[in-house]
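> Okay, structure incoming, though there's no sequence with it:
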């Protein structure tokens, strides 16, 4: 086994078999993007690709065996991630159909819904959409305006869009292909509102025409994702049978009586949302895949492209031999390794938690928080990485035939959908600062201020990967001696997290006592709060890296992974150097050392650049960049 | 006059009348982008827009009166910048025709070329292209491979593409519309090569067919700039008359004898290139305009969009009232002010230097260096700013109808064309480190290492704006007392520049003495060298801001500009805080103060957000974002 193969094995993780199958199933130019198509043709192509995915059997992984699936949740998300190497429109379209729409029916519905829909969802005989976001409310889903009012007489729900800001917006599938939707709306019965619930609502007839009372519109051209037909939906008192309420967590009886096993409306709503985190995890996974693909393309280009002669040599210099180019690409490669390993841990945890009937509520909540944090960090990483790769390939990078610009355009919305990253970061921080207080759910500034706890750091510092190993590293280390010592790095990450969290909590508590306006208190600390989330994620990611190195059997690969982990850890420290100095965690001399170490690690990893991107396990046939082919024109 | 009007007057600068005229000439939806068009339709639309620009008389500004122009160089570049508010494809297409192609004929040609071409170039009866970049060489133009070999017998030059990497690539106009090109090629006569020169070479006949020996190809879909027909050109021994050499700086006599008033081939080549800096300055200007447009859109959106309720209030909170949102947008607005003021200084200097026949070589060289530095900083600012604005508008920002994604896609190549930013930054650094040594031109690592001088900082710290005022500020200041004191800010910027330059020069000199390989010496210091360029530009920009505030007559506007300048200066310091601490320029306590100041300035500027973007002077009708219209759907 080559070192690249061993790296791939490490990165492939627990669902390696799914990745291997995908590399075969997704091969061939038919599964790659075609940027020359116009919008209608692009959508048709993506729909055709989606049908081809049905034939691979992959969609069944997301559904329980009793509903016609295989019940392998981890395989489902991993398979979704692999679609990111093929065509991101396909990935998103698949995500809408099987992840979001299918997931809502599966997880919020009950037997009658499973029997009626799941098989047809898997087979694509029923194409659905996920109608949550509205023009007026994207991040603040609890305050959606669409209403579902129970009509006792007719035993029907009346779905209605009361204002322009209440129309469903940006909904994948609503532009053209979806004939049905999972619609989120405020449930009203007997004159009382019970918060947001989900309803199955037919949208179009077999000829694609809007059903009575339904008005769809097309969102038109977007930055990218040409193959996804995003649209808007307005409901004018559309009636659906009472049975169309997805009633796993709450129900309305024929007589209009509302019942739910979860009394607290906030907890009920977030329990429902919690079952849907697969979408968020998948978007993070897809962003990570796109970043790796971009790095694979840009690195291969830099290993072939020469520019400017070196004095005393007839050859021009390879781009990859410039320190600047190494510093542009290698830390991003290192971070891509780190994030994929953390993503693998996350998917494993999700699989284990969601595969049992009664999961531990605390574990579920930690999972949700971790999913939110990793989604934000990974999709920002994707945006930044693909941008850097585009620029690193110069004019060639700007041509759609070389794929980078397509990756950039397609992934740009990943930082927004399935939760705006800035909102997610605050959500993570709120969970940590309140130590997952049961009293506050969602992003609740008042709750955050009121429940910020002095034990925040203890709650946050729960270790999510290899806890014993981490403990051993920490005990062995005289902290602060050697920046290339893993224990020192872990200690620095943990210490920073603890300090940022504790000071944020103290700041919120102190300001509250002064009797200030809760929003003003929260707002003044908003940057501090977001930083708390970011440094938390950094630590979780580093721990996943440490655990993965420990699990690698090939000594050569293990050593290389160690250097990559050093580069990841020191790049993170370098970027936040000012914080470490301001808080007397780094002396001036050692701060300068951080920068030398990063440059030196880049120099040391330079000869392994090709091996490292081969470790990503992206078949060359899936790179889809014309400039990498010898006879490109 | 309102404060917004006064701000606009300050930003409009010396060619305010050109801006005012453009605001009228470019009004109307016909001049805005239409993202729904396919490639052929987009190209036709841009060509139609270009013809409409002819009718405004603007193109004549770039050419001397004796050739049929108005000779107002500053007006020409300012008008180009204003096109950035309309459609960036139009801006680039105009830039290729009148700036690059027209500029090459005007500045590298002589009477016979001016008489033959300029009027037809202005009127668009002759559409040209600028064939410099090749597949194999973009940044390193001195090593282009295309040859122009003089055939004594026929008294013709033979233009030839000797290899695949020698084909002309990414050439605007070569895809479809250009019938002629300014082609850069190695001039060979009597068996001797004399370096790169420029030749006028017909490409297509009146029906758009390639002429014999010419093969054009289309670059196809790009990230953006759909209206620009980029293409490739391969020459198979294409013959042009001897007269087609643009012979202002060098000539070949009928008998094949080569003559030039500039003996040194390097100096000759860079003198030729130096006459073409208008293109580089214009790209920077266009990037700046696009960034301001994006900020105007995102800020207006943030002033209308509400999300999440504040505790104790029925209203949801305006995005612009969140500290995080202020911190995302306001420092970018401040930097946009700073960069536009620096750009205005640059355009003024260019106008003055290029409007006289015998310009001071030192002033010309400083101008070229400043143009390179500002182009890099401004286009990176554009990329980052437009990205942030897109994200700050969430899903709405992803829709092409709201323009931000179009701005992002269109400007993405600005960091690459007219000089890759990383290469430009090194060019600037080289000029500073060698104190504009006449011995080294272009990006020459060996030269940089050999001529790095101990007086680098003195050469660099020449003041380009308001020298007396700056001197007064510096003398009045007990440095380091108050971060909001302008003199302190200027002193910190100057001191940082001096230190970075001196240490870089010392490092290069010391390493050279050790007898190391010159490339290795240069490469090990590459990040240090680039930083030298960046901190230099920061200081030049701050000085331009100081000069502009001094020139503002409206006390209200002047005070506001002062706060904006504070935010610019402190944001720059905040971003480089680690450097200031590592070099003992900021104590820990004062470093923390920097961050508080930035947040506090954001809070203070929040009520002026609308005024500040109104100061950009972009007519509302040119914003072109559907989401800002009350009845958008």
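Yep, that arrived. Just so it is clear, the model here is predicted, and its values are computed rather than measured.
> Could you give me the buried positions within the lowest-mean-pLDDT helix or strand in chain A?
When each helix and strand of chain A is scored by mean pLDDT, DSSP states H and E, helix A:456-460 comes last, with a mean of 74. Buried positions in helix A:456-460, judged by neighbour count with 16 or more other Cβ atoms under 10 Å in any protein chain shown: A:456-457, A:459-460. Just so you know, the C-beta spots here come from the backbone N, C-alpha and C atoms, and that holds for glycine as well.
> same thing with stretch A:179-195?
Quick answer for stretch A:179-195 (16+ other Cβ under 10 Å): A:179-189, A:194-195.
> Run the chain-centre distance for that stretch.
Offset of stretch A:179-195 from its chain centre (Cα atoms, centre = their mean, to the nearest Å): 27 Å.
> so how far is the first residue of that stretch from its last?
End-to-end distance for stretch A:179-195, by Cα to Cα, to the nearest Å: 26 Å.
> coming back round to it: a markdown table please, covering the buried residues of helix A:456-460 and showing distance to chain B.
Shown next, in a markdown table, are the buried residues of helix A:456-460 (distance: Cβ to the nearest Cβ, whole Å):
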| residue | distance to chain B |
| --- | --- |
| A:456 | 20 |
| A:457 | 21 |
| A:459 | 23 |
| A:460 | 21 |
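> Where does the prediction get shaky in chain A?
Applying pLDDT under 70 to chain A flags residues A:478-480, A:631-633.
> Give me the domain ranges for it.
For chain A, automatic domain parsing gives the domain ranges A:3-123, A:128-258+A:266-274, A:278-622.
> now the longest one, how far from the centre of its chain.
Here domain A:278-622 shows a centroid-to-chain-centroid distance of 13 Å under the convention Cα atoms, centre = their mean.
> before we move on, the earlier item: contacting residues around the least confident helix or strand of chain A?
Contacts with helix A:456-460, where a contact means Cβ atoms under 8 Å, 6 or more residues apart in numbering or on different chains, come from A:432-436, A:453, A:497-498, A:501-502, A:504-505, A:536.
> quick one: which of those is nearest to residue A:125?
Checking the contacts of helix A:456-460 against residue A:125 with Cβ to Cβ, the nearest one is residue A:436 at 41.3 Å.
> which ones are touching that closest one?
Applying Cβ under 8 Å, 6+ apart to residue A:436 gives the contacts A:362, A:365-366, A:369, A:459.
> go on, residue A:12?
Contacts of residue A:12 were listed using Cβ under 8 Å, 6+ apart, and they are A:19-20, A:617.
> Same check on residue A:53?
Per Cβ under 8 Å, 6+ apart, neighbours of residue A:53: A:25, A:59, A:83, A:90, A:94.
> Among those residues, which one lies nearest to chain B?
When these are ranked by distance to chain B (Cβ to the nearest Cβ), residue A:90 comes first, at 18.1 Å.
> so that closest one sits in a helix?
Yes. The assignment for residue A:90 (DSSP: H, G, I helix; E, B strand; the rest coil) places it in a helix.
> Excluding chain neighbours, give the residue nearest to it in space.
Distances taken as Cβ to Cβ, 6 or more residues apart in numbering or on different chains put residue A:49 closest to residue A:90, at 4.6 Å, once the chain neighbours are dropped.
> residue contacts, that neighbour?
So residue A:49 contacts A:30-31, A:86-87, A:90, A:93, A:227 (Cβ under 8 Å, 6+ apart).
> repeat for residue A:192
Neighbours of residue A:192 in contact, by Cβ under 8 Å, 6+ apart: residue A:258.
> State the distance from residue A:301 to chain B.
Noted for residue A:301: a distance of 13 Å to chain B, by Cβ to the nearest Cβ, to the nearest Å.
> so that residue sits right up against residue A:393, yeah?
Yes. The pair residue A:301 / residue A:393 is scored as a contact, 5.1 Å apart, by Cβ atoms under 8 Å.
> between the two, which one's more packed in?
Just comparing residue A:301 and residue A:393: by other Cβ atoms under 10 Å in any protein chain shown the higher neighbour count belongs to residue A:393, 26 against 22.
> The more buried one touches residue A:297, doesn't it?
Yes. Counting by Cβ under 8 Å, residue A:393 does reach residue A:297; the two are 7.4 Å apart.
> residues bridging contact with the two, i.e. touching both?
Residues touching both residue A:393 and residue A:297 by Cβ under 8 Å, 6+ apart: A:402, A:404.
> And the residue of the stretch 101-250 of chain A closest to chain B?
residue A:223 (3.4 Å).
> Is there a neighbour count for that residue? I'd like the number.
Other residues close to residue A:223 by other Cβ under 10 Å number 24.
> give me the number of residues near residue A:204?
Neighbourhood size, residue A:204 [other Cβ under 10 Å]: 19.
> picking up where we left off before, which of the helices or strands spans the residue lying closest to the residue of the stretch 101-250 of chain A closest to chain B once chain neighbours are set aside?
The shortest distance from residue A:223 to any non-neighbouring residue, by Cβ to Cβ, 6+ apart, is to residue B:405 (3.4 Å). Following DSSP states H and E, one finds residue B:405 within helix B:404-411.
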